[in-house]
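Enquirer: Below are the sequence and a predicted model; questions follow.
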Amino acid sequence: MVQHTGIKSAQAGEGPWIQTLSAIQPGTLVSGKNPLASDAVATACMAYNPTANDPDEPFIRCDNRLNLAAAVGLGPHRLEETEVLGASTDEVKKSFAPVRNKIL
């Protein structure tokens, strides 16, 4: 993981049609050879459990795509099965707000 103060993202929505969408500056870049493992690490950096299911955040009213991808063998999604280089997920954890409001 790379830390840099200029790295920005969005929280509480995936597009402008979500009323709660807002900017956030986590300062962390996650990359890796396996997209599923990288996504699981990024999910943990956002203070969420990458193996959680509905109704746990952020998988409210939906399936956890990480669990689905792991179930068909696309790679690991458990942090204990993934080697993280650089800062640990606990060191860079920044809470992201989940989508809670209605769509516009």
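Expert: Looks like it came in fine.
Enquirer: Okay, now the unreliable bits of this structure?
Expert: Low-confidence segments of the chain, defined by pLDDT under 70: 1-7, 13, 99-104.
Enquirer: got the residue ranges for the strands in it?
Expert: 2-3, 9-11, 22-24, 28-29 (DSSP state E).
Enquirer: Out of these, which is the most enclosed?
Expert: Comparing the strands of the chain by mean neighbour count (mean count of other CB atoms under 10 Å), strand 28-29 comes out on top with a mean of 19. Where you see a C-beta, it was placed from the backbone N, CA and C, and this is true even at glycine.
Enquirer: Next, the distance between the ends of stretch 90-97.
Expert: End-to-end distance for stretch 90-97, by CA to CA, to the nearest Å: 17 Å.
Enquirer: residues of that stretch that come out buried?
Expert: Across stretch 90-97, burial judged by 16 or more other CB atoms under 10 Å covers 92-93, 96.
Enquirer: The residues you listed in helices, which ones?
Expert: residue 92 (DSSP state H).
Enquirer: Need the buried residues of stretch 90-97 in TSV (columns: distance to residue 45).
Expert: Formatted as TSV, these follow (distance: CB to CB, whole Å):
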residue	distance to residue 45
92	5
93	6
96	9
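Enquirer: need the longest helix for this structure.
Expert: Ordering each helix of the chain by length in residues (DSSP H) puts helix 35-45 first.
Enquirer: which other helices and strands contact that helix?
Expert: helix 65-71, helix 89-92 (3 or more CB pairs under 8 Å, 6 or more residues apart in numbering; DSSP states H and E).
Enquirer: In TSV: those helices, plus distance to residue 25.
Expert: Shown next, in TSV, are the helices and strands packed on helix 35-45 (distance: least, CB to CB, whole Å):
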stretch	distance to residue 25
helix 65-71	24
helix 89-92	12
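Enquirer: To residue 78, which of the ones you listed lies closest?
Expert: Evaluated with CB to CB, the helices and strands packed on helix 35-45 place helix 65-71 nearest to residue 78, the distance being 7.8 Å.
Enquirer: quick one: contacts for the residue nearest in space to the middle of the chain?
Expert: Central residue check for the chain by CA atoms, centre = their mean: the C-alpha nearest the mean position is that of residue 43, 2.3 Å away. Shown in contact with residue 43 (CB atoms under 8 Å, 6 or more residues apart in numbering): 49-50, 58, 66.
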